[in-house]
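Undergrad: everything below, folded, please.
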Amino acid sequence: VVLQASWRARVVRLGYLRQRAAATTIQAALRALVVRRDFKTKQNAIVRIQSALRTYIAVRHVQQMQAAAVRIQAAIRAFAARRAVAIKRFAAKMAAKHAAAIICAQSAVRAFIQRRRYLRMRAAILSIQSWWRIARCRLALLR
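TA: From the prediction side, this is the model:
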């Protein structure tokens, strides 16, 4: 009876130890499952946060590039406008100088024509005066 009792006690203890080991294994598996789920949830949240941050950074970068492009375009347009104004002013100045040069040339040509006319007229007058004086002297000699 003692032997049987001790055998039964051993069998019960071994059964208890097996059940305890099985319970520990099940608990460990369950804890691992919970930890994996928690890890996956946190990992997915981190991925979403990183994605949102990358999107924000990319959008901000694009906005900065667009703003820079607008500033560059404005600077180029302003430069082109200033250059066009400068060219128009230069053209107007050159036109005024050209007109002044034309007026000066016309004045010189008119002066040349008037002087030539004057010199011809003077030569003709001197010729007539000379002829008249000669004719008067001849008339005076004939009398």
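Undergrad: let me see the ranges of the helices in this protein.
TA: 2-142 (DSSP state H).
Undergrad: low-confidence ranges, it, go.
TA: Of all residues in the chain, none has pLDDT under 70.
Undergrad: distance of Leu14 from Ile26?
TA: Look at Leu14 and Ile26: by Cβ to Cβ, to the nearest Å, they are 18 Å apart. All C-beta atoms are positioned from the backbone trio N, CA, C, and that covers glycine.
Undergrad: how about Ala101?
TA: Distance, Ala101 to Ile26, by Cβ to Cβ: 110 Å.
Undergrad: just Arg54 next, same as before
TA: Distance from Arg54 to Ile26, by Cβ to Cβ: 42 Å.
Undergrad: do the same with Val1
TA: Taken as Cβ to Cβ, the span from Val1 to Ile26 is 37 Å.
Undergrad: what about the two, which has more around it?
TA: Neighbours were tallied for Val1 and for Ile26 using other Cβ atoms under 10 Å; the higher tally belongs to Ile26 (10 against 5).
Undergrad: and for Gln50, the neighbour number?
TA: Neighbours of Gln50 using other Cβ under 10 Å come to 10.
Undergrad: just the one 3 residues further on next, same as before
TA: Applying other Cβ under 10 Å, we find 10 other residues in the vicinity of Leu53.
Undergrad: same check on the one 3 residues further on?
TA: Counted with other Cβ under 10 Å, residues neighbouring Tyr56 total 10.
Undergrad: so how far is Leu17 from Ile26?
TA: In terms of Cβ to Cβ, Ile26 sits 15 Å off from Leu17.
Undergrad: actually, Ala124.
TA: Ala124 is 156 Å from Leu17, by Cβ to Cβ.
Undergrad: now Trp131
TA: Counting by Cβ to Cβ, the gap from Trp131 to Leu17 is 166 Å.
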